[in-house]
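# Below is the sequence, then the predicted model.
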Amino acid sequence: QGVQVPGLGTFAVAEERFQGKEEVYVVRRPVFHLEIDDFFVHDLASSTEIIPANAKIKPLNYGWVSRATSFPQQVVENCVLETILLYSFQLRSGQRLAFVFKDIGVLSCTDDTLCLRFYSECVTGLESKAGWIALLRT
């Protein structure tokens, strides 16, 4: 239900209950908790999404990424680490570039607040029954 990317943060799925007019909806929506070192983001705020206590969080599976991309695992690990460090240094130096996660969303800085804005397809892909509620809550 979740993956932790060392030096960046944790992606997970949260479930919430909402009372509709005639039924209770259980909505699944993506959440992201930023875990970049304070040294890099000392002057920035970030969203306070809380990862559910019952979420099963696993570390990023570099072996799976290696097989999916045909790059050696060490190359994948180094690429992820260097990309996160580069983005962190850009934040530290005042550059507010967007960081795009394919099929997931965009991590961007607006008004000195880092926030991951999920693509609507990512949100609705998790929830088939009450996608509109999930979109509103994400």
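The structure has been received and is ready for your questions.

# Tell me where this protein has helices.
38-41, 62-69, 73-92, 120-126, 131-137 (DSSP state H).

# Which of the residues in the third one are classified as buried?
With burial defined by 16 or more other Cβ atoms under 10 Å, the residues of helix 73-92 counted as buried are 76-77, 80, 84, 87-88, 91-92. Yep, even glycine has a C-beta here, placed from its N, CA and C like the rest.

# on that earlier part again, and residue 30, which of the helices of the chain is closest to it?
helix 120-126 (5.9 Å; Cβ to Cβ).

# The closest one: which residues count as buried?
For helix 120-126, the neighbour count (16+ other Cβ under 10 Å) marks 122-124, 126 as buried.

# quick one: average confidence on it?
Averaged over helix 120-126, pLDDT sits at 82.

# circling back to that earlier point, between the buried residues of helix 73-92, which is closest to residue 106?
Looking across those and measuring by Cβ to Cβ, the closest to residue 106 is residue 87, at 12.3 Å.

# wait, doesn't that closest one sit right on residue 98?
No: contact criterion Cβ atoms under 8 Å: residue 87 and residue 98 do not qualify, at 9.9 Å.

# got the end-to-end distance for stretch 42-58?
Using Cα to Cα, to the nearest Å, the span of stretch 42-58 from its first residue to its last is 27 Å.

# Give me the mean pLDDT for it.
On average, stretch 42-58 scores 83.

# Sounds good, over and out.
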